[in-house]
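Engineer: Need coordinates for the below:
(chains A and B)
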Amino acid sequence: MHPRLELRNICKRYPGVVANDDVSLSIQPGEIHAVLGENGAGKSTLMKIIYGAAQADSGEIFCDGNPIAAHNPATSRALGIEMVYQHFALFESVSVVENIALSASSAFHLPSLADKIRELSLRYGMPIDPHRQVHDLSVGERQRVEIVRCLLQAPKLLILDEPTSVLTPQAVVKLFETLRQLAAEGCSIVYISHKLDEVQELCDTATVLRNGKVTGTARPKETTSLELARMMVGSKLPEMHVSPPTPSEKPVLEVNNLSVKARDHFGVNLKDVSFNVHGGEIVGLAGVSGNGQAELIALLSGERTHHNNDAIRICGTAAARLRADERRKLGLAFVPEERLGRGAVPSHTLWENAVLTAHRFGTVRKGLVDRRRASAFAAGIIDRFKVKANGAGSTAQSLSGGNLQKFIVGREIALEPKLLLVSQPTWGVDVGASAFIRQTIVDLSRAGAAVLVVSEELDELFEICDRLLVICQGRVSPPLVRKTTDREEVGLLMTGRTMSTDQMASGSGDVALQN
Amino acid sequence: MRVAAPVLASVLTLVVGSILFASLGHDPLPTLYAFFVEPLNSLNGLSEWLLKASPLILIACGLAIGFRANVWNIGAEGQFTMGAIAASGVGLFWPNPDSVLLLPLMFVAGMGAGMAWAAIPAFLRARMNTNEILVTLMMTYIATLFLSYLVHGPWRDPAGFNYPQTALLPTAALFESFDPAYRLNPSIFITVVAVLVMWLFTDRSFLGYKMSVSGAAPLAARYAGFRESAAVWIGLLAGGAAAGIAGMAEAAGPLGQLSPQISPGYGFAAIIVAFIGRLNAFGIVLGGLLMSLLFLGGEGVQMTLGLPSALTRIFQGILLFFLLAADFFIFYRVRRVRPARDTHALETA
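Structural biologist: Numbering: from 1, shown residues only, chains lettered A, B, ... in the order given. Next up, the predicted model:
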């Protein structure tokens, strides 16, 4: 039998980098194959080549034994190859069903397509309402749309780029069931990840990439994580050092009875949110996406203001009515969940993106942008955070997701904040860089800064946080001390089961947790 | 590629222009020569070329500041008209018609009136989120009708044989030409300064940087705390100021008085200039020179070959059309959608 997909000696160069160097791999029908590697190892490029979104400089691709030459995404989809990108390709201003209709290459009938979406999404355990507007969806929900869009095409080969980074542990379990179900039906799956435990749990085979080259193939279930990690990183893994917190006497961030109505009926109302974050400690906010995190973080960052000025205090100053730049003057720095378009301007260069928030740090003088200083500032971040980029002059959109994340985290940390808000700090970032980012956040807090981390990865929160808050249906739980709580307690709070009597009432927030 | 599009658009415009000339019964090559080369064969031609390019470049510089922030002021024609009206009003009615302060006062009045006219849509957009494209466009018609009312009514020259025009501006209210034989006057230096200011603003200043962030990624602007309303105000006021000054310079330059028709469409043509110039100060200079040549050539072939005056507008339209089309094909790829291939897949899914 021919393999479903076979790559032979694929090479691809971009100016300044060799993205893929002599990569070969083969995937059988019904096989779940992991492609492991750090950021910039060439995973995304390889997937684009398979999908036809990029062309290899040399090498051959075979699908079911037939060579594919000069293909593009349309021909790939005709062959049954579907891909879920790490950066979603959805139109924000229209509904889920319209988005899916737009990518369908055939005639469609919206109501029946909506029914199919609902039915299929339920069957694979990731319910979505086809009539919701995409801009109202959280990142996790958007991913479901992307996956369902592919499943509608009944694919023979499904490529998933970092699919679990935004899902709760329970939703990951559900996704894996979906994927195993698909594989049992004969669909081959290429699973790009750097989460070793997931790869070991899910995948039959793995190809490990480093600097564009294949550094090994393995059967993950029979290989230790340490061996896999060595193949990926190529050297010893960094170890985390989390020293005990030394909280300051006065809180740096105070949130008092913050209540706010959602701006539309798909949003989440925040109800009486109160908590403090002290200098020298890291507080984590856990929760399933779409439970009010987006609303809360926009209110804390100043992207959205609140009429009750006292509801948010930063370093003792009432700040709820201040704009983002005014709060930054008080010592706030913020890493948002969306890197492109929010944390960075996609078409701008890295030095221009450094000016975005670092304009008080010498990059702007007398109203003029000092290009040399801005470039030096950006180069400093690139150097310190090992951002893989073609210098400070490369555009933000030319970087891979993880590398841009390193740049944005680096930029915000370089501002020496008194209060750092971080949303999904390591989403899409590889093992080595994740550890580095987490360690930097820990170091920042131990140097006296207050840190609030919003993450949907419990492992991450348990690794670095001193206290944990759980958000569900717009309510925030009382703080839990990390050392005295466990994943079960937090997981229960995430589903709202011990928190309130009207839990699950609206049902819009926690569909991912259905059993 | 951003540079290729205007070049490609210009070439395609010439090709379509040739076809157009041929269809009108004129040999394309000599006609193109008459259109694009002959106007520049004389010193007077060169003077007229720069004279007409000057307001186009000036207005386009102001507009481009807004366009970069996605603030779409397409009412420069109205702001130009209001600038001309206010400046002429000062020139006509200032108590001391010989004052050396007259021109500077007219400059301030023209700029102020253009800004005031643009401030209305700015206020409406910033406060009530109205669409500035519609409001600025409609304000243009109000301005044009207001001018018509003035020259037909209260400001009509009593000694003007009932023609709808004002009295001539006093000498102190006029830019004196470099040479009495030609019309080119020192107001062109205003445009030179405007180009430099525009370059400094967009390429070097922090304010210009904030505007470009607002245009390219509104969420990033909010993330950084840049005020959206500031971009709206600056974008519209810059366009209004530039158009108002251009109106003043036109009234105090080649016109010397007001009549119902004071602009051959500079305010609208400047939009095309801004886009041909890629919203870049020096690109706008080239775009303005090209557009001015279209005006001149149109007049030229109208006189020498008897071709219709609509040709100028047609050329402007074709040029913008090809520019937008070239941009579209550079930034997007056309995909042919085959019908009904996946119905089966959808059924089985």
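Engineer: can we go C-alpha only for contacts and neighbour counts from here?
Structural biologist: OK.
Engineer: Below-threshold pLDDT in the chain: ranges please.
Structural biologist: With no chain named, the answer covers chain A. Counting by pLDDT under 70, the ranges of chain A that qualify are A:16, A:39-40, A:86-87, A:105, A:139, A:165-170, A:235-239, A:265-266, A:495-515.
Engineer: I was thinking of chain B, sorry if that wasn't clear
Structural biologist: B:1-2, B:335-349.
Engineer: For it, just list every one of the helices.
Structural biologist: B:4-23, B:28-36, B:43-68, B:76-93, B:102-128, B:132-152, B:187-203, B:206-216, B:218-224, B:228-250, B:266-276, B:281-304, B:310-331, B:343-348 (DSSP state H).
Engineer: Same list, those helices, but as TSV with distance to A:Lys250 and mean neighbour count please.
Structural biologist: What follows is the helices of chain B, written out as TSV (distance: least, C-alpha to C-alpha, whole Å; neighbours: other C-alpha atoms under 10 Å in any protein chain shown):
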stretch	distance to A:Lys250	mean neighbour count
helix B:4-23	59	17
helix B:28-36	75	18
helix B:43-68	45	26
helix B:76-93	55	29
helix B:102-128	39	23
helix B:132-152	48	19
helix B:187-203	44	18
helix B:206-216	35	24
helix B:218-224	27	25
helix B:228-250	35	29
helix B:266-276	55	27
helix B:281-304	52	22
helix B:310-331	53	17
helix B:343-348	59	14
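Engineer: Nearest to chain A among those helices would be which one?
Structural biologist: Proximity to chain A (C-alpha to the nearest C-alpha) singles out helix B:218-224 among the helices of chain B, at 3.9 Å.
Engineer: re earlier: switch the helices of chain B over to CSV; also include distance to chain A.
Structural biologist: Converted to CSV, the helices of chain B look like this (distance: least, C-alpha to the nearest C-alpha, whole Å):
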stretch, distance to chain A
helix B:4-23, 18
helix B:28-36, 37
helix B:43-68, 13
helix B:76-93, 28
helix B:102-128, 16
helix B:132-152, 21
helix B:187-203, 9
helix B:206-216, 5
helix B:218-224, 4
helix B:228-250, 11
helix B:266-276, 18
helix B:281-304, 17
helix B:310-331, 13
helix B:343-348, 5
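Engineer: just so I know, which of the ones you listed lies nearest A:Gly290?
Structural biologist: Closest of the helices of chain B to A:Gly290 is helix B:218-224, at 18.9 Å (criterion: C-alpha to C-alpha).
Engineer: hmm, who's touching the closest one?
Structural biologist: Helix B:218-224 is contacted from outside by A:301-303, A:324-325, A:341-345, A:356-357, B:210, B:213-214, B:227-228, using C-alpha atoms under 8 Å, 6 or more residues apart in numbering or on different chains.
Engineer: how about the helices of chain B, which one is nearest A:Phe462?
Structural biologist: helix B:218-224 (28.0 Å).
Engineer: Any idea how far the closest one is from the middle of the chain?
Structural biologist: Taking C-alpha atoms, centre = their mean, to the nearest Å, the mean C-alpha location of helix B:218-224 is offset from the chain mean by 30 Å.
Engineer: Export the helices of chain B as TSV, with columns for distance to A:Phe275.
Structural biologist: Putting the helices of chain B into TSV (distance: least, C-alpha to C-alpha, whole Å) gives the following:
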stretch	distance to A:Phe275
helix B:4-23	55
helix B:28-36	72
helix B:43-68	41
helix B:76-93	52
helix B:102-128	34
helix B:132-152	43
helix B:187-203	43
helix B:206-216	33
helix B:218-224	23
helix B:228-250	31
helix B:266-276	51
helix B:281-304	51
helix B:310-331	47
helix B:343-348	49
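Engineer: The ones you listed: which one's closest to A:Leu5?
Structural biologist: helix B:343-348 (20.3 Å).
Engineer: Which members of the contacts of helix B:218-224 occur in helices, if any?
Structural biologist: For these, membership in helices holds for A:Ser301, A:Ala324, A:Asp325, A:Leu356, A:Thr357, B:Lys210, B:Val213, B:Ser214, B:Glu228, with DSSP H as the criterion.
Engineer: Out of those residues, flag the one nearest to A:Lys271.
Structural biologist: Using C-alpha to C-alpha, A:Ser301 is the member of the ones in helices among the contacts of helix B:218-224 that lies nearest A:Lys271, at 18.1 Å.
Engineer: residue contacts, the closest one?
Structural biologist: When contacts are counted by C-alpha under 8 Å, 6+ apart, A:Ser301 is found next to A:Ala324, A:Arg327, A:Leu332, A:Phe334, A:Leu421, B:Tyr223.
Engineer: would CSV of those with distance to B:Leu200 be doable?
Structural biologist: Formatted as CSV, those follow (distance: C-alpha to C-alpha, whole Å):
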residue, distance to B:Leu200
A:Ala324, 27
A:Arg327, 29
A:Leu332, 31
A:Phe334, 30
A:Leu421, 35
B:Tyr223, 25
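Engineer: distance between the ends of stretch A:282-292?
Structural biologist: 20 Å (C-alpha to C-alpha, to the nearest Å).
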